[in-house]
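Visitor: Structure for this input, please:
(one chain, ligands or ions: 2)
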Amino acid sequence: MNATISFIEAILVDLPTIRDHQLAMTTMQRQTLVIVRLRCSDGMEGLGEATTIGGLSYGDESPEGIKLAIDTYLAPALIGIDATNVNAAMQRLAKVARGNRFAKSAVETALLDAQAKRLGVPLVTMLGGAVRSTLPVLWTLASGDTARDIEEAETMLAEGRHNTFKLKIGRRSVREDVDHVSAIKRALGNRARITVDVNQAWSEVEAATGIAMLESAGVDLIEQPIPRENPRALARLAAKFVVPLMADEAVCGAEDAMELARLAAADVFALKIAKSGGIHAMLRTAAVGDAAGIQLYGGTMLEGSVGTIAAAHGFCSLPQLSWGTELLGPLLLKDDVVTTRPTYRDFSLHLPEGPGLGLTLDQDKLDFYRRDRDRIAVSGFRAI
Ligand code: MUC
Ligand code: MG
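Guide: Ligands and ions are numbered 1, 2, ... in the order given. Model (predicted):
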């Protein structure tokens, strides 16, 4: 062992979005990133990110809770241990904390970033290597206004940025939602693929009606129509329709994946490093889906560049990723805390080159956007 973990810090960073982002459970005007900075005894540093959507409205970890879990429980358990053995460090975290997957995911990313930089290789090399270096990325239409969504989609198509659009529904009545989706599908025709995400908002009965209408409107994929707690109802819906159903909130880790596969409850799994508990846990979840013949999709929690690129390294190593990704988080944010933001070109995200994540923290931006900046300015304290 020639490097130990000497310091881990979790920082809340509030960034404005480019426009209101309306989901079934919340409207986002800003996103809170939890940025993790890890420093080792050999001077190596690692970056990680845990980010959720709408405080506690999406999942059971909030940004403030994630920071507390890292600062109070996860970081102290890792100080002084071998920084080069990521598996042993993660096993230690499994012992000191149950659940807390978002928090663990951010710490794992920081450990992997530091170790990959130490070895002088991209993070994906530590996962066995990349089978692709670019990832298709869709765009989410969620302004809350049908005409504005169509205009946004037309701009994205014209710029060659996205040709698949995910519509966030479940906020209004089923009828209104279907009218909204049908109008967008009619306007874009076969020039774009349309998917919808209901974020668990429908009952099984509403879903049966809604899915039937969306299927005849030509929608390509329907994501998490009903609450995550009811996989049997999802299985009944999956058996009823031809349009593929995707599990998102219902599939966090490999155990959920096993259960959904057993029940034949989903045609597609949305993979996310945060809800799985890290990149390795996401790969385990993916392996279960793959073995069961379920198609895979690279999901997001609308992270900034650090979390997005961490997920991208994982997704680039997957043998199967039939439905592409939604790694659009950095494009939804007005600014970021890295010096060079990710490259999006030709409908795809390009994996950065360079060791580790391939990202560099922008210290000035971090100081500007961190929630505790006033306290930092007064005390003159800068942890790293
Ligand atoms: C979700 O529920 O899938 C992904 C894209 C987006 O706009 O929201 C998310 C979260
Ligand atoms: Mg979703």
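Visitor: and the chain, what are its domains?
Guide: Annotated domains of the chain cover 5-120+361-379, 126-350 [automatic domain parsing].
Visitor: burial of residue 218, as a residue count?
Guide: Residues lying near residue 218 (other CB atoms under 10 Å) number 16. Placement of C-beta: from N, CA and C, glycine included.
Visitor: What's the separation between it and ligand 1?
Guide: Noted for residue 218: a distance of 21 Å to ligand 1, by CB to the nearest ligand atom, to the nearest Å.
Visitor: what about residue 21, which helix or strand?
Guide: Residue 21 is part of strand 5-22 when elements are defined by DSSP states H and E.
Visitor: What residues sit buried inside that strand?
Guide: The neighbour-count check on strand 5-22 (16 or more other CB atoms under 10 Å) flags 5, 8-13, 15, 17, 19, 21-22 as buried.
Visitor: Also stretch 150-169?
Guide: By 16+ other CB under 10 Å, the buried positions in stretch 150-169 come out as 150, 152-153, 156-157, 161-169.
Visitor: gap between the two ends of it?
Guide: 15 Å (CA to CA, to the nearest Å).
Visitor: and it, what's its mean pLDDT?
Guide: Taken as a whole, stretch 150-169 has an average pLDDT of 97.
Visitor: now do stretch 340-349
Guide: On average, stretch 340-349 scores 96.
Visitor: can you check stretch 292-303 too?
Guide: The model assigns stretch 292-303 a mean pLDDT of 98.
Visitor: Rounded mean pLDDT for the top helix by length along the chain, please.
Guide: If each helix of the chain is counted by residues according to DSSP state H, the longest one is helix 101-119. Helix 101-119 shows a mean pLDDT of 98 in the predicted model.
Visitor: Centre of the chain to the strand holding residue 21, how far?
Guide: Distance of strand 5-22 from the chain centroid (CA atoms, centre = their mean, to the nearest Å) equals 13 Å.
Visitor: related to what we said a few turns ago, list the helices and strands the very next helix or strand once past the longest helix of the chain packs on?
Guide: Downstream of helix 101-119, the first helix or strand assigned by DSSP H and E is strand 134-136. The contact analysis (3 or more CB pairs under 8 Å, 6 or more residues apart in numbering; DSSP states H and E) places strand 134-136 against helix 305-316, strand 348-350.
Visitor: Make a markdown table out of those and add mean neighbour count and distance to residue 103.
Guide: Output for the helices and strands packed on strand 134-136, formatted as a markdown table (neighbours: other CB atoms under 10 Å; distance: least, CB to CB, whole Å):
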| stretch | mean neighbour count | distance to residue 103 |
| --- | --- | --- |
| helix 305-316 | 28 | 13 |
| strand 348-350 | 20 | 25 |
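Visitor: Given the helix or strand just after the strand holding residue 21, what are its sheet partners and their directions?
Guide: The first helix or strand that comes after strand 5-22 along the chain, using DSSP H and E, is strand 27-40. Partner strands for strand 27-40, per DSSP bridges, with pairing direction: strand 5-22 (antiparallel), strand 45-51 (antiparallel).
Visitor: and the ones you listed as JSON lines, adding distance to ligand 1 and mean pLDDT?
Guide: Listed next are those as JSON lines, based on distance: least, CB to the nearest ligand atom, whole Å; pLDDT from 0 to 100:
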{"stretch": "strand 5-22", "distance to ligand 1": "6", "mean pLDDT": "97"}
{"stretch": "strand 45-51", "distance to ligand 1": "11", "mean pLDDT": "98"}
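Visitor: out of those, which comes closest to ligand 2?
Guide: strand 5-22 (12.8 Å; CB to the ion).
Visitor: my guess is residue 56 meets residue 62, correct?
Guide: Yes - Residue 56 lies in contact with residue 62 (CB atoms under 8 Å); the separation is 4.7 Å.
Visitor: Mind checking which of the two has more residues around it?
Guide: residue 62 (18 against 15).
Visitor: what's that one in contact with, if anything?
Guide: The contact partners of residue 62, by CB atoms under 8 Å, 6 or more residues apart in numbering, come to 52, 55-56.
Visitor: Now with 6 Å, please.
Guide: Applying CB atoms under 6 Å, 6 or more residues apart in numbering to residue 62 gives the contacts 55-56.
Visitor: thinking again about what came up before, which among the strands paired with strand 27-40 is found nearest to residue 181?
Guide: Taking CB to CB, strand 5-22 is the member of the strands paired with strand 27-40 nearest to residue 181, at 13.8 Å.
Visitor: How about the closest one and ligand 2, touching?
Guide: No - contact of strand 5-22 with ligand 2 (CB under 5 Å from the ion) is absent, the minimum separation being 12.8 Å.
Visitor: Using CSV, list the CA coordinates for that strand.
Guide: C-alpha atoms of strand 5-22 as CSV (Å, rounded to 0.1, in the frame of the first residue of the first chain):
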residue,chain,number,x,y,z
ILE,A,5,-7.1,8.3,1.8
SER,A,6,-6.4,11.5,3.7
PHE,A,7,-9.5,13.7,3.1
ILE,A,8,-13.0,13.5,1.7
GLU,A,9,-15.3,16.5,1.4
ALA,A,10,-18.9,16.7,0.2
ILE,A,11,-19.9,20.1,-1.2
LEU,A,12,-23.5,21.3,-2.1
VAL,A,13,-23.4,23.2,-5.4
ASP,A,14,-26.6,25.0,-6.7
LEU,A,15,-26.7,25.6,-10.4
PRO,A,16,-29.5,27.3,-12.4
THR,A,17,-31.2,25.3,-15.2
ILE,A,18,-31.6,26.8,-18.7
ARG,A,19,-35.4,26.7,-18.4
ASP,A,20,-38.1,25.3,-16.1
HIS,A,21,-37.9,21.5,-16.2
GLN,A,22,-41.4,20.1,-15.4
